[in-house]
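Student: got a predicted model here, sequence first, then my questions.
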Amino acid sequence: MPGPERAERGMDESDAGLLAATARGDAEAFGRFYRRHEHQVLGYAVARCSNASDVADAVGETFLAALGAASRFRDDGGDAVPWLFGIARRVLARQRRSLQRCLPHLAHPLIHAKSEHPAAARRIGL
């Protein structure tokens, strides 16, 4: 039987229990859930993102979405990692779509600058 300190830290709580408590408004339960899975979601994002800023955004948006969807988590007897990875996959797809919409607007001034100022463009790596 676990000691009170272990139970207090949430080490024996299931993901489903933590998410159910989160859905009822227990912020500490979500904190325990976050700490339990942050490294896994971080690893998932690092493997799929090209820079640290995108990784940070993906992890933050994944857990924000998980917080909002806590009441919809369905316990299949396992942990919530596949559910979190599904959320992260959708977050990353949304990030890519957003980037694809922005790139033509971002690239246009750079292309223009490169053609008008080739020496300066070479210095900054264009």
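Tutor: Okay, I see it.

Student: quick check: next helix or strand after the lowest-mean-pLDDT helix or strand in the chain?
Tutor: In the chain, the helix or strand scored least confidently by mean pLDDT, DSSP states H and E is helix 4-8, which has a mean of 43. Of the helices and strands lying after helix 4-8 in sequence (DSSP states H and E), the nearest is helix 15-23.

Student: next one: that next one to chain centre, how far?
Tutor: With CA atoms, centre = their mean, to the nearest Å as the basis, helix 15-23 stands 19 Å off its chain's centre.

Student: who are the packing partners of that helix?
Tutor: On a contact count with 3 or more CB pairs under 8 Å, 6 or more residues apart in numbering; DSSP states H and E, helix 15-23 meets helix 27-46. Bear in mind the C-beta positions are built from the backbone N, C-alpha and C, glycine included.

Student: against which helices or strands is the helix it packs on packed?
Tutor: When contacts are defined as 3+ CB pairs under 8 Å, 6+ apart, helix 27-46 sits against helix 15-23, helix 52-69, helix 81-116.

Student: redo those as CSV? Include distance to Val41, mean neighbour count and mean pLDDT.
Tutor: Converted to CSV, the helices and strands packed on helix 27-46 look like this (distance: least, CB to CB, whole Å; neighbours: other CB atoms under 10 Å; pLDDT from 0 to 100):
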stretch, distance to Val41, mean neighbour count, mean pLDDT
helix 15-23, 13, 20, 97
helix 52-69, 5, 17, 96
helix 81-116, 6, 13, 77
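
Student: dump those helices to a markdown table, plus distance to Asp75.
Tutor: Formatted as a markdown table, those follow (distance: least, CB to CB, whole Å):
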| stretch | distance to Asp75 |
| --- | --- |
| helix 15-23 | 4 |
| helix 52-69 | 14 |
| helix 81-116 | 10 |
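
Student: find the centremost residue of the chain, please.
Tutor: By CA atoms, centre = their mean, the chain has its centre lying nearest to Val59, at 2.2 Å.

Student: that one and Gly25, how far apart?
Tutor: 23 Å (CB to CB, to the nearest Å).

Student: next: Ala80.
Tutor: Taken as CB to CB, the span from Ala80 to Gly25 is 18 Å.

Student: so the two - more neighbours on which side?
Tutor: More crowded of Ala80 and Gly25, by other CB atoms under 10 Å: Ala80, with 24 against 9.
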